[in-house]
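*Asks:* Quick one, structure for this:
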Amino acid sequence: MAEQPARIGPGLEASQIYEPVPPPRSDHAVTLGKLAWQSEAAGDFGRALELLERLIEVCPDDSRAHQELGLALLRLGRRSDAVAALRRTTALAPHYAPGHCNLGLALEECGDLVGATAALREALRLQPDSGFIAYHLVAVAARAGETQVDVKACPHDYLIPLFDGYADRFDTHLYETLGYLGPQLLAEIINEVPLGERRPLPWDVLDLGCGTGMTGVPFRTIARTITGVDLSPRMLEHAVRRTMPDGRRVYDTLLKCDITEALSTLGTGYELILAADVFIYIGDLRGVLTSIRSALRPGGLFAFTIEVWDGPEDYRLLPTRRYAQSPAYIATLARESGLQPVGHREATLRLGEGLEAVRGMVFLMR
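*Replies:* Sure, this is the predicted structure:
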């Protein structure tokens, strides 16, 4: 998935806020700023750029205006100009952590990993409790070859906007461009289990990180109920409309929450739990696998995929902003949590943004 420049703050649907308006007075700073923000929210970055340039003429020391200008320039592909605008932001507001964070991400896009790491490190110094900034710092430091600090999972304030913005093109991009195989791989490894070694059908199924609902489709015919869980409201809007050829909805229940919350509140009683391309956003799986074990009925199955990490650490945040885990780490957690390995295999999960094969593994546990 292509990275977007960081934007710290709430968003609105463009259709709710953007309407064509007459050109504002060139000296009306509040109006210029509001219209620039509306234009940017509607995706009209050229118009936003024009308005922001006029705003800076009126208020040359407005640090937020320079930041918005930098983000608009970045979205238009004018990276060096974006960096200059964002450097002006940090000069005007040296204690504003989001300004340093956005500068760091712009420098990363320009290939200046040393400068990006320094800017993100300054942002984290100013806002040390920000998981968002720490997450990006670790990913950029990985690209620069630096030793990582431990960031255990992707922060929600990164993940939700990312997938809300991706939801409308998610299926087309993932399947047609990247050749995504996650649901198919899970179905295949489960179908290899002899009927005599499975619980009787139908099953109650829990789909963790269900997204737009693709993973649930292969399992609808064997399910009594399917519950889907996801953080992204826009993803769930697609999942609730997902139907089978006979018109049945794929999901009986959809919940907006993270998987830790879901596993702690939904209780036990599932014959099958699925996690396709979910653990790429969680590095430390120790508590997760223990909770999954508790949510399964005796003999219940847990099928999931990971990206593979071959280094000495248990897991690693990659420059792609995705986590990879070592197979040895997964085996250790299975033993500790009381999950019995049933099967596993190496697999290409999908293509990356450069159309390279993404190496992973699919696991089945009981």
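*Asks:* CA-only coordinates of the helix or strand where Ala82 lies in PDB, if you can.
*Replies:* Using DSSP states H and E, Ala82 falls within helix 79-92. C-alpha atoms of helix 79-92 as PDB (Å, rounded to 0.1, in the frame of the first residue of the first chain):
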ATOM      1  CA  ARG A  79       9.000  16.800  -3.000                       C
ATOM      2  CA  SER A  80      11.800  19.300  -2.800                       C
ATOM      3  CA  ASP A  81       9.400  22.200  -2.600                       C
ATOM      4  CA  ALA A  82       7.400  20.300   0.100                       C
ATOM      5  CA  VAL A  83      10.500  19.800   2.200                       C
ATOM      6  CA  ALA A  84      11.300  23.600   2.000                       C
ATOM      7  CA  ALA A  85       7.800  24.400   3.100                       C
ATOM      8  CA  LEU A  86       8.000  22.000   6.000                       C
ATOM      9  CA  ARG A  87      11.400  23.200   7.100                       C
ATOM     10  CA  ARG A  88       9.800  26.600   7.300                       C
ATOM     11  CA  THR A  89       7.100  25.100   9.500                       C
ATOM     12  CA  THR A  90       9.700  23.700  11.900                       C
ATOM     13  CA  ALA A  91      11.600  27.000  11.900                       C
ATOM     14  CA  LEU A  92       8.500  29.000  12.800                       C
END
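*Asks:* mean confidence score for the helix or strand that comes right after that helix?
*Replies:* Scanning forward in sequence from helix 79-92 by DSSP H and E, the next helix or strand is helix 97-109. Averaged across helix 97-109, pLDDT comes to 93.
*Asks:* tell me the SS of the residue positioned nearest the centre of the chain?
*Replies:* With distances taken as Cα atoms, centre = their mean, Leu159 lies nearest the centre of the chain, 3.8 Å away. For Leu159, the secondary structure call by DSSP: H, G, I helix; E, B strand; the rest coil comes out as helix.
*Asks:* Correct me if wrong: Ile330 contacts Glu307.
*Replies:* No. In this structure, Ile330 is not within contact of Glu307 by Cβ atoms under 8 Å, at 11.6 Å. All C-beta atoms are positioned from the backbone trio N, CA, C, and that covers glycine.
*Asks:* And the helix holding Ala82, what does it pack against?
*Replies:* Other helices and strands packing on helix 79-92, by 3 or more Cβ pairs under 8 Å, 6 or more residues apart in numbering; DSSP states H and E, are helix 63-75, helix 97-109.
*Asks:* just to revisit the earlier point, comparing Ile330 and Glu307, which residue is more hemmed in?
*Replies:* Taking neighbours as other Cβ atoms under 10 Å, Ile330 and Glu307 compare with Ile330 leading, 23 against 20.
*Asks:* Hmm, Phe319 is touching Ala141, no?
*Replies:* Check again: residue 319 is Pro, not Phe. No. Pro319 is beyond contact range of Ala141, at 9.3 Å (criterion: Cβ under 8 Å).
*Asks:* Pick out whichever of these two has more residues nearby.
*Replies:* Neighbours per residue (other Cβ under 10 Å) separate Pro319 from Ala141, with Ala141 holding more: 20 against 14.
*Asks:* Name the nearest residue to that one, sequence neighbours excluded.
*Replies:* Thr117 (5.4 Å; Cβ to Cβ, 6 or more residues apart in numbering).
*Asks:* Which strand or helix spans the one you found?
*Replies:* Counting by DSSP H and E, Thr117 is found in helix 113-126.
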